[in-house]
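Peer 1: Take a look and give me a structure for this.
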Amino acid sequence: MIEYRIDRRAGVATYLQIVQQTRQALLLGRLHVGDQLPTAREVVASTAINPNTVLKAYRELEREGLVQARAGAGTFVTRDLAREESDQHSALGAELGAWVEKARRSGLARHETEALMKAWTDQAYPDAEGIR
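Peer 2: Okay, here's the model as predicted:
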């Protein structure tokens, strides 16, 4: 099951962080069709955010056709986004993981590593503005 991590300093709305983390888990093959998302109560307990924020994120994911809320049962994944070759154990994923670990060992803080990765990603994908 996915565990959401909320960064209050990120400058990104909390509900969008949940949406983005869910999409990322789907893209990386960490969530699959039929998997249940944590209940709003569970997310609130682990992140100390407002339950309405969680519900707003889940409604957005449902609007996108990625999940479906089932009354009394929970919210379930309805669509995979992962490609077979893009799971977390792929060669590229392993290389990236090694690079991130090297950045951490060299003294870069998480936000510095993320900024560096974002700068290179933005340079490599200049026309990807607005794509989720």
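Peer 1: Is the most centrally placed residue in the chain within a helix or a strand, and which one?
Peer 2: Relative to the mean C-alpha position of the chain, the nearest C-alpha, by Cα atoms, centre = their mean, is the one of Gln21, at 1.4 Å. Here Gln21 is covered by helix 14-27, with elements defined by DSSP states H and E.
Peer 1: Phe76 now?
Peer 2: strand 74-77.
Peer 1: ok, then the element right after that strand?
Peer 2: In N-to-C order, the element after strand 74-77 by DSSP H and E is helix 91-105.
Peer 1: where does that next one sit relative to the chain's centre, distance-wise?
Peer 2: The chain centre lies 18 Å from the centre of helix 91-105; the measure is Cα atoms, centre = their mean, to the nearest Å.
Peer 1: Between helix 91-105 and the helix or strand that that helix is followed by, find me the angle.
Peer 2: Of the helices and strands lying after helix 91-105 in sequence (DSSP H and E), the nearest is helix 110-124. If you take axes from the mean of the first three to the mean of the last three Cα atoms, to 10 degrees, helix 110-124 sits at 140 degrees to helix 91-105.
Peer 1: what helices or strands is helix 110-124 leaning on?
Peer 2: helix 91-105 (3 or more Cβ pairs under 8 Å, 6 or more residues apart in numbering; DSSP states H and E). Where you see a C-beta, it was placed from the backbone N, CA and C, and this is true even at glycine.
Peer 1: Dump the helix it packs on to PDB, keeping only the CA atoms.
Peer 2: Extracted as PDB, the C-alpha positions of helix 91-105 are listed here (Å, rounded to 0.1, in the frame of the first residue of the first chain):
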ATOM      1  CA  ALA A  91      18.500  -0.600 -15.300                       C
ATOM      2  CA  LEU A  92      17.700   3.100 -15.600                       C
ATOM      3  CA  GLY A  93      16.000   3.100 -12.200                       C
ATOM      4  CA  ALA A  94      19.000   1.400 -10.700                       C
ATOM      5  CA  GLU A  95      21.400   3.900 -12.200                       C
ATOM      6  CA  LEU A  96      19.200   6.800 -11.000                       C
ATOM      7  CA  GLY A  97      19.100   5.300  -7.500                       C
ATOM      8  CA  ALA A  98      22.800   5.000  -7.400                       C
ATOM      9  CA  TRP A  99      23.200   8.600  -8.500                       C
ATOM     10  CA  VAL A 100      20.800   9.800  -5.900                       C
ATOM     11  CA  GLU A 101      22.700   7.800  -3.200                       C
ATOM     12  CA  LYS A 102      26.000   9.300  -4.500                       C
ATOM     13  CA  ALA A 103      24.500  12.800  -4.300                       C
ATOM     14  CA  ARG A 104      23.400  12.200  -0.700                       C
ATOM     15  CA  ARG A 105      26.800  10.900   0.300                       C
END
